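Enquirer: sequence and predicted structure, then a few things I'm wondering about:
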Amino acid sequence: MAKGKDTVLSGLENLSFVERLSSRFEIPPRLLIGLTGSAIVLLLLVVFWTSLVKEDATVVLSSEASTSGAIENAPTDFDNSTAETQNTLPVELPQTFVVYVTGAVSSPGLYTVSSTSRVGDAVQAAGGLSPEAASAVVNLAQMLTDGMQIHIPSTDEVESNAPVQIVQQATDTAAPPGGVPSLVNINTADSATLQTLTGVGPATAQKIIEYRTTYGPFASKEALRQVSGIGEKKYAAVEAFITI
């Protein structure tokens, strides 16, 4: 083994470039060969290490790109439910109404009340019922509308059988000659009156009453479509026969 090594080294020493370098730098041939071999080995190690570093960098960049793509493509939980909910909310009403209270109350006159008030609240604003008031014929739980006139009849008026309009809406339409019924006020009509409309039965009439009890009077005729069970066709059938 040692003999073979010495043979190789002797062969390298006889190379012309080794001899020239050895003589120029005054370095023994064997030492020069050893240094050259070490340099070559070191160079190979550097090349090998550099290739490993590049592979690691490529793996990291690929991983980051995959993560970024996953984040960008991730589905979101946002939808249009909020917007749809907002579109189905009741029409916003004024904060206050002005009503006119007359008849058997302590202080008849104009009063400003909350938009969620009822007839009883307007009567209280007018000082309450007077002793001669026929309160039994008045629906004190009825919701108010802006511009409404509330007349509290006296017992004399009721006993005389004279026609008395207890609640009069600002937009009520008088009945024309010939006895044709006036329009149905969807804010004040009871269940029986609502059922006179085409396609409105007891269940739908009750839904209309519950809606206005919960949200207040209808701000427009079109708002009737917000009641469950009243679609476009049913609304088209009653539109010409209703008012607010």
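Expert: Looks like it arrived, so ask away.

Enquirer: helices of this protein, residue ranges please.
Expert: 2-13, 16-25, 29-73, 81-87, 119-125, 155-159, 191-194, 202-215, 232-238 (DSSP state H).

Enquirer: worst mean pLDDT among the ones you listed?
Expert: Ranked by mean pLDDT, those bottom out at helix 81-87, which scores a mean of 48.

Enquirer: what about stretch 100-110, how long is it end to end?
Expert: 5 Å (C-alpha to C-alpha, to the nearest Å).

Enquirer: next, the buried residues of it.
Expert: For stretch 100-110, a neighbour-count test (16 or more other C-beta atoms under 10 Å) marks 100-101, 103-105, 108 as buried. In short, each C-beta sits where N, CA and C put it, glycine included.

Enquirer: how about those residues, which pair is most distant?
Expert: Largest separation among the buried residues of stretch 100-110 by C-beta to C-beta: Y100 and A104, giving 14.5 Å.

Enquirer: now do the domain split for this structure, please.
Expert: 2-64, 89-170, 181-244 (automatic domain parsing).

Enquirer: G103 pairs with what?
Expert: I152 (DSSP bridges).

Enquirer: what's the distance between it and S130?
Expert: 8 Å (C-beta to C-beta, to the nearest Å).

Enquirer: any residues in contact with both of these two?
Expert: 152, 154 (C-beta atoms under 8 Å, 6 or more residues apart in numbering).

Enquirer: show me what contacts the closest residue to A104 other than its chain neighbours?
Expert: Take A104 and drop its neighbours on the chain: the residue closest to it by C-beta to C-beta, 6 or more residues apart in numbering is A133, 3.6 Å away. A133 makes contact with 103-105, 152-155, according to C-beta under 8 Å, 6+ apart.

Enquirer: how about those, which pair is most distant?
Expert: So, the contacts of A133 by C-beta to C-beta: farthest apart are V105 and T155, at 14.0 Å.

Enquirer: any chance of the buried residues of stretch 100-110 in CSV, with pLDDT and distance to E159 too?
Expert: Output for the buried residues of stretch 100-110, formatted as CSV (pLDDT from 0 to 100; distance: C-beta to C-beta, whole Å):
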residue, pLDDT, distance to E159
Y100, 88, 25
V101, 90, 22
G103, 86, 15
A104, 89, 13
V105, 92, 19
P108, 89, 21
